[in-house]
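Chemist: Sequence first, then the predicted structure:
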Amino acid sequence: MANAREIQGRMKSIKDTMKITNAMYMVSSSKLQKARRDLKNTEPYFYLIQDSLAKILDRRPDAGSSFFDKRENKKGKERTVGYLVITADKGLAGAYNHNVIKLAEKCVLDEENDKLFVVGQLGRHYFEQKDIDIDINFKYTAQNPTMNRARNIAGKLTELFETGEIDELYVIYTKMVNSMTVEAVSQRLLPLTEERIEMQDNELVEHYENCAFLPDAKTVFNKIVPDYITGFIYGALVESYCSEHNARMMAMQTATDSAQTMIRELSIQYNRARQAAITQEITEVVAGARSKKK
């Protein structure tokens, strides 16, 4: 059994680690709340965009036909599918990055002509180590997602779809199901589907009986769609950011609980070692006194 000094050293080291895990938990909690607040503040704008698209389609179903084009003339290997993969820049977040990369790897390796677009350092490093070609490497940090970054990403990917370089676009990211559960998902962004573009029925959107579109419905639709795609990508970036910090909070909490358990066990060992040392000292004193008496 280790002596009392060694056990004290281990306990001190664990307590120092606990300070780090507690600090990381608090930082992630603060960033998570800020990201949720930013997403909530932008929701009315994107609700209005989706409602506007739904109104245009309700009056002019043929508007924006290019964004609804499923390109059914291309079959099998003729089709090119693009995947936007959103990972984190840092680890220490449990299985957060592993789940996203595992899902992305499964999708991207299905066809040779699929295209890969990556946001986040860990995802970028992983695909580079696996010799998987990255077609566009968005060298934006996954921390603090902004509308400007989402707009730049959406602009490039929309251009690839309009020029025919990709026939479908999927976004692979981590979605927060609730405060305790996150899930890696793959959602199709392009081509658009009318089922996903619905009129909004909430207090954030104003409703008008008669709407006029200038210069015409098709032009207005084509101008609004990039903002709709930007909103989707921004939402995916923020969801991933929230999921990362939520996973990191859970990982740090688990690490802190494990450290506390280790400290309790080491405290018992320390008390036993100290008691053994005291008993030995008493035995030595008694033995010395006896020998002197004799």
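Modeler: Sure thing, it's come through. Keep in mind the model is a prediction, meaning the values are calculated, not measured. Numbering: from 1, shown residues only.

Chemist: contacts, neighbours, all on C-alpha from now
Modeler: OK.

Chemist: Run through the protein and note the low-pLDDT ranges.
Modeler: 1-2, 61-65, 109-112, 179, 195-214, 216, 294 (pLDDT under 70).

Chemist: Strands of that one, residue ranges please.
Modeler: 81-86, 115-119, 136-138, 168-176, 182-190 (DSSP state E).

Chemist: right, so the ones you listed: which one is the most enclosed?
Modeler: strand 81-86 (a mean of 25; mean count of other CA atoms under 10 Å).

Chemist: mind checking how far it is from the chain centre?
Modeler: 14 Å (CA atoms, centre = their mean, to the nearest Å).

Chemist: where exactly do the helices run in the stretch 101-250 of the chain?
Modeler: Counting by DSSP state H, counting those that start in this stretch, the segments of the stretch 101-250 of the chain that form helices are 121-129, 147-162, 217-293.

Chemist: Which residue lies nearest the spatial centre of this protein?
Modeler: residue 240 (2.4 Å; CA atoms, centre = their mean).

Chemist: Grab the nearest non-local neighbour of that residue.
Modeler: residue 174 (5.0 Å; CA to CA, 6 or more residues apart in numbering).

Chemist: My read is that the one you found contacts residue 182, right?
Modeler: Yes. Assessed by CA atoms under 8 Å, residue 174 is found in contact with residue 182 at 6.5 Å.

Chemist: Find the residues that touch each one of these two.
Modeler: Taking CA atoms under 8 Å, 6 or more residues apart in numbering as the criterion, residue 174 and residue 182 both touch residue 243.

Chemist: so how far is residue 245 from residue 11?
Modeler: 28 Å (CA to CA, to the nearest Å).

Chemist: of those two, who's got more company?
Modeler: Using other CA atoms under 10 Å as the criterion, residue 11 and residue 245 rank with residue 245 on top: 25 against 21.

Chemist: Would you mind measuring from the more buried one to residue 148?
Modeler: From residue 245 across to residue 148, the span is 22 Å (CA to CA).

Chemist: how about the residue nearest to the centre of the chain, what does it touch?
Modeler: Counted by CA under 8 Å, 6+ apart, residue 240 has contacts 86-88, 173-176.

Chemist: now those residues in TSV, with distance to residue 131?
Modeler: What follows is the contacts of residue 240, written out as TSV (distance: CA to CA, whole Å):
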residue	distance to residue 131
86	18
87	18
88	20
173	21
174	24
175	27
176	30
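
Chemist: Return the member of those residues nearest to residue 165.
Modeler: residue 86 (20.9 Å; CA to CA).

Chemist: So the closest one is in contact with residue 172, correct?
Modeler: Yes. Here residue 86 reaches residue 172: they are 6.3 Å apart, a contact under CA under 8 Å.

Chemist: and for the two, which residues touch both?
Modeler: The contact lists of residue 86 and residue 172 share residue 100, where a contact means CA under 8 Å, 6+ apart.

Chemist: can you count the residues close to the nearest residue to residue 225 once chain neighbours are set aside?
Modeler: Distances taken as CA to CA, 6+ apart place residue 53 nearest to residue 225, at 7.7 Å, with adjacent residues excluded. Counted with other CA under 10 Å, residues neighbouring residue 53 total 23.

Chemist: From residue 286, how far off is residue 53?
Modeler: For residue 53, the distance to residue 286 - CA to CA - is 93 Å.

Chemist: Residue 16 now?
Modeler: 40 Å.

Chemist: and if you look at residue 276?
Modeler: For residue 276, the distance to residue 286 - CA to CA - is 15 Å.

Chemist: before we move on, what about residue 93?
Modeler: 57 Å.

Chemist: Looking at these two, which is more packed in?
Modeler: Neighbour tally, residue 93 and residue 286, criterion other CA under 10 Å: the higher count belongs to residue 93, 19 against 12.

Chemist: Right, I'll call it a day here.
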